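Undergrad: sequence below, structure please.
(one chain, ligands or ions: 2)
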Amino acid sequence: MYTLTPHSLSTAPDAFRLRRRSRPCRAAIATRPSTTSPHHTDDTPMKPTNVAIDDPTSLRSTWSQKAWVASGFVSILTPLAKSAVAAADSGSVFEPLLAAYAGYVLADLASGVFHWAVDNYGGPSTPVFGSQIEAFQGHHRWPWTITRREFANNLHPLARAVIFSVLPIEALLDVTEAGAAAHAFVGTCAGCVMLSQQFHAWAHEKARRVPRAVAALQAAGVLVSRQMHGAHHRPPYNINYCIVSGAWNGVLDEYKVFEAMEMILFFRFAVRPRSWSEPRPEWREEEEEEAEEAAAL
Ligand SMILES: [Zn+2]
Ligand SMILES: [Zn+2]
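TA: Ligands and ions are numbered 1, 2, ... in the order given. Below is the predicted model of the structure:
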């Protein structure tokens, strides 16, 4: 009899024996449901590309990326404007403010679930999310490159997701003549989701380069702090996935919510998360100077 946790699986019967590795984000293992046994894993390295060294121009924002992000802001500001107009008409401000706060809180949880998913499952060829999965693997090898990305270059994938999510939701809210609170919730949640990669970038930025207002918000816990997110990039490498405020990180990690979800997916689909695999030398985080020296050889 044993408790079903990834850690206890190391003492489980052979059919389910696993060892939980300590570096989930460096791995490059394409995971897919096994057709033979739960042991089956494709160990082909993903080999993320260091774009900051190999192709620095890829960190710049293209016009199409800027257009996507601009459209993303329109899709965020539109429901917020609707909310403001409806609140002014009704004279009630408390409900939309409360709904906006709920949207901000939910966005932090959503950022954690998405980050956990792309850190642990799939690969470059995964439909829709392949490029994001590859980008997150590269981020864990060379986390400093995120601070070199231009704004739209960093945000455009989430801007697209926000646009295609908000449009139908807002259409539904218009049809149902929803009030100010509903629009405030949608606009704030979508805004925090789209900007989460900027919050993430600030959490990696050198302290002296972070704008003072941002540093104050990080210190107040409104935005994810350097210390909190820094823990995600250190052993055991499987905590603090949330990157809006990080408010959910404590409860998610304390109650091992992601480990429980990993166990469910493993026993249901025989898919192992990268966080259960042994570390490889190439998963080690590479400092900026080190990467430049390696590229110069
Ligand atoms: Zn990660
Ligand atoms: Zn990071």
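Undergrad: run a quick neighbour tally on the residue in the stretch 101-250 of the chain positioned nearest to ligand 1.
TA: Closest residue of the stretch 101-250 of the chain to ligand 1, Cβ to the ion: residue 119 (4.2 Å). Using the backbone N, CA and C atoms, a C-beta is placed for each residue, glycine as well. Residues within reach of residue 119, counting by other Cβ atoms under 10 Å, total 25.
Undergrad: surely it touches residue 262?
TA: No: the pair residue 119 and residue 262 does not pass the contact test of Cβ atoms under 8 Å, sitting 11.0 Å apart.
Undergrad: which neighbours do those two have in common?
TA: Between them, residue 119 and residue 262 share these contacting residues under Cβ atoms under 8 Å, 6 or more residues apart in numbering: residue 275.
Undergrad: run a quick neighbour tally on residue 228.
TA: Neighbours around residue 228, by other Cβ under 10 Å: 21.
Undergrad: close to ligand 1: what parts of the stretch 51-200 of the chain are there?
TA: residue 119 (Cβ under 5 Å from the ion).
Undergrad: how about the helices in the stretch 1-150 of the chain?
TA: 51-54, 63-90, 94-120, 130-141 (DSSP state H, counting those that start in this stretch).
Undergrad: can you add mean pLDDT and give those back as CSV?
TA: Output for the helices of the stretch 1-150 of the chain, formatted as CSV (pLDDT from 0 to 100):
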stretch, mean pLDDT
helix 51-54, 67
helix 63-90, 97
helix 94-120, 97
helix 130-141, 88
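Undergrad: JSON lines please, covering the ones you listed and showing distance to residue 181.
TA: Shown next, in JSON lines, are the helices of the stretch 1-150 of the chain (distance: least, Cβ to Cβ, whole Å):
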{"stretch": "helix 51-54", "distance to residue 181": "41"}
{"stretch": "helix 63-90", "distance to residue 181": "7"}
{"stretch": "helix 94-120", "distance to residue 181": "4"}
{"stretch": "helix 130-141", "distance to residue 181": "31"}
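Undergrad: for residue 179, which of those helices is the nearest?
TA: Taking Cβ to Cβ, helix 63-90 is the member of those nearest to residue 179, at 5.8 Å.
Undergrad: quick one: residue 245 and residue 99, what's the gap?
TA: 17 Å (Cβ to Cβ, to the nearest Å).
Undergrad: I meant residue 218, not that one.
TA: Residue 218 is 25 Å from residue 99, by Cβ to Cβ.
Undergrad: hmm, back to that, so which of the helices of the stretch 1-150 of the chain gets nearest residue 276?
TA: helix 94-120 (8.6 Å).
Undergrad: neighbouring contacts of stretch 86-95?
TA: With Cβ under 8 Å, 6+ apart as the criterion, stretch 86-95 contacts 96, 179, 180, 181, 183, 184.
Undergrad: quick one: end-to-end length of stretch 219-236, please.
TA: 24 Å (Cα to Cα, to the nearest Å).
Undergrad: how about it, does it reach ligand 1?
TA: No: on the criterion Cβ under 5 Å from the ion, stretch 219-236 is out of touch with ligand 1, staying 5.6 Å away.
Undergrad: for that stretch, the distance to its chain's centre please.
TA: 13 Å (Cα atoms, centre = their mean, to the nearest Å).
Undergrad: and the average pLDDT for that stretch is what?
TA: Averaged over stretch 219-236, pLDDT sits at 93.
Undergrad: buried residues of that stretch, list them for me.
TA: 222, 223, 224, 225, 226, 228, 229, 231, 232, 233 (16 or more other Cβ atoms under 10 Å).
Undergrad: is it true that the fourth one touches residue 216?
TA: It refers to residue 225. No: at 11.0 Å, residue 225 does not count as touching residue 216 under the criterion of Cβ under 8 Å.
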